[in-house]
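Student: output the structure for:
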Amino acid sequence: MTRIVITGITGRMGGTLLRLGRAAADLQVVGATVRPGRAAEARASTGLACVEEDLGRALDAAPADVVVDFTSAELSVAHARACAERGVAMVVGSTGFTPETTEALRASAAKVPLVAAPNTSVGVNLVFRVAAELARVLGPSFDVEVLEAHHRMKKDAPSGTALRLAEVLAEALGRSSDDFTFARQGQVGARPPGEIGVQTLRGGDVVGEHTVYFFGEGERIELTHRATNRDQFGLGALRAARWVAKRAPGLYDMADVLGLQGTK
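Tutor: Numbers count the residues shown, from 1 in each chain. Below you'll find the predicted structure:
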């Protein structure tokens, strides 16, 4: 039995994780966190005895094997420190990390096993692998673009998944982030060789949609993943929680969890 603490259970992903975690026979949700002022209400509505505003207090009250966190980059860094101080493994599904916050996660991962993934969907992580293989086989003669769409409330753009797709494509093609183009306007001229476009759409209640376009002469290939609800992210995160609980300290991703090669 893997004991888990879920952060932010009043949020969309936190609530999904709580429901799926409680339904899993091999998992035990022992605690949770909420925003300030929501603890008493959350205890009453969920029946969880351990609901705290502070993750450190939750872990002290309810010892756990893994914390599953889909809050924000800044909060996730603080939560990772709390886990590192207590020797608790962690799964982070937050996005919007900067080089500085990524390095802070890496520092915590030196002390505990930590899975950090911009997208925990098993399907999306298979798309990473397929996109890399397509890029390698098609080669530099095909122009590559990434288009992503999310709901109107998403704060970061492009999505972490779109950025990871761009990174995977760049690695497969021998390019770098210097080749990324995030916006086009005005007289931009002909598309430069080697460019990888990453474009963003926001609106409505779109859970998540990502398409990689490979444009060639006389043909086009489109690789698309569409999420219709959040369960697949939650199921992937809980799969990662089971996996990471048994690992040595280090920074891992979903390719490690799924045993995929050629996607990192």
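Student: what segments of the stretch 1-150 of the chain are strands?
Tutor: Secondary structure of the stretch 1-150 of the chain by DSSP state E, counting those that start in this stretch: the strands cover 2-6, 27-33, 51-52, 66-69, 89-92, 113-116, 143-150.
Student: out of these, nearest to Asp179?
Tutor: Smallest distance to Asp179 across the strands of the stretch 1-150 of the chain (Cβ to Cβ): 9.4 Å, for strand 143-150. In this view, the C-beta of every residue, glycine as well, is placed from N, C-alpha and C.
Student: so for stretch 238-258, what's the average pLDDT?
Tutor: Across stretch 238-258, pLDDT averages out at 96.
Student: buried ones in it?
Tutor: Residues of stretch 238-258 classed as buried: 238-245, 251-258 (neighbour count, 16 or more other Cβ atoms under 10 Å).
Student: same question for stretch 153-163.
Tutor: Across stretch 153-163, burial judged by 16+ other Cβ under 10 Å covers 154, 156-163.
Student: turn those residues into CSV, columns for secondary structure.
Tutor: Shown next, in CSV, are the buried residues of stretch 153-163 (DSSP: H, G, I helix; E, B strand; the rest coil):
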residue, secondary structure
Lys154, coil
Asp156, coil
Ala157, coil
Pro158, coil
Ser159, coil
Gly160, helix
Thr161, helix
Ala162, helix
Leu163, helix
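Student: that older thread, possible to save the strands of the stretch 1-150 of the chain as CSV with mean neighbour count and mean pLDDT?
Tutor: Below are those laid out as CSV (neighbours: other Cβ atoms under 10 Å; pLDDT from 0 to 100):
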stretch, mean neighbour count, mean pLDDT
strand 2-6, 26, 98
strand 27-33, 23, 98
strand 51-52, 22, 97
strand 66-69, 29, 98
strand 89-92, 29, 98
strand 113-116, 26, 98
strand 143-150, 22, 98
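Student: same list (these) but as TSV, adding distance to Thr211.
Tutor: As requested, these are exported to TSV (distance: least, Cβ to Cβ, whole Å):
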stretch	distance to Thr211
strand 2-6	31
strand 27-33	33
strand 51-52	39
strand 66-69	28
strand 89-92	25
strand 113-116	24
strand 143-150	5
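Student: to Gly174, which of those strands lies closest?
Tutor: Nearest of the strands of the stretch 1-150 of the chain to Gly174, taken as Cβ to Cβ: strand 143-150 at 12.5 Å.
Student: which residues touch that closest one?
Tutor: For strand 143-150, the surrounding residues in contact (Cβ atoms under 8 Å, 6 or more residues apart in numbering) are 135, 158-159, 161-162, 165-166, 169, 173, 191, 195-203, 206-216.
Student: of those, keep whichever come out buried.
Tutor: Buried among the contacts of strand 143-150 (16+ other Cβ under 10 Å): 135, 158-159, 161-162, 165-166, 169, 173, 196-200, 206-214.
Student: what about those residues, which are in helices?
Tutor: Taking DSSP state H as the definition of helices, the buried ones among the contacts of strand 143-150 contribute 135, 161-162, 165-166, 169, 173.
Student: tell me which two of those residues sit farthest apart.
Tutor: It's Thr161 and Leu173 that sit farthest apart of these, by Cβ to Cβ, at 18.6 Å.
Student: center of the chain - which residue?
Tutor: The centre of the chain sits closest to Pro118, judged by Cα atoms, centre = their mean, with a distance of 2.3 Å.
Student: what residues are up against that residue?
Tutor: Per Cβ under 8 Å, 6+ apart, neighbours of Pro118: 93, 95, 159-161, 163-164.
Student: then Gly194?
Tutor: Applying Cβ under 8 Å, 6+ apart, the residues contacting Gly194 are 140, 173, 175, 179.
Student: shouldn't it be within a helix?
Tutor: No. If the criterion is three-state DSSP, then Gly194 is coil and not within a helix.
Student: all good on my end, thank you.
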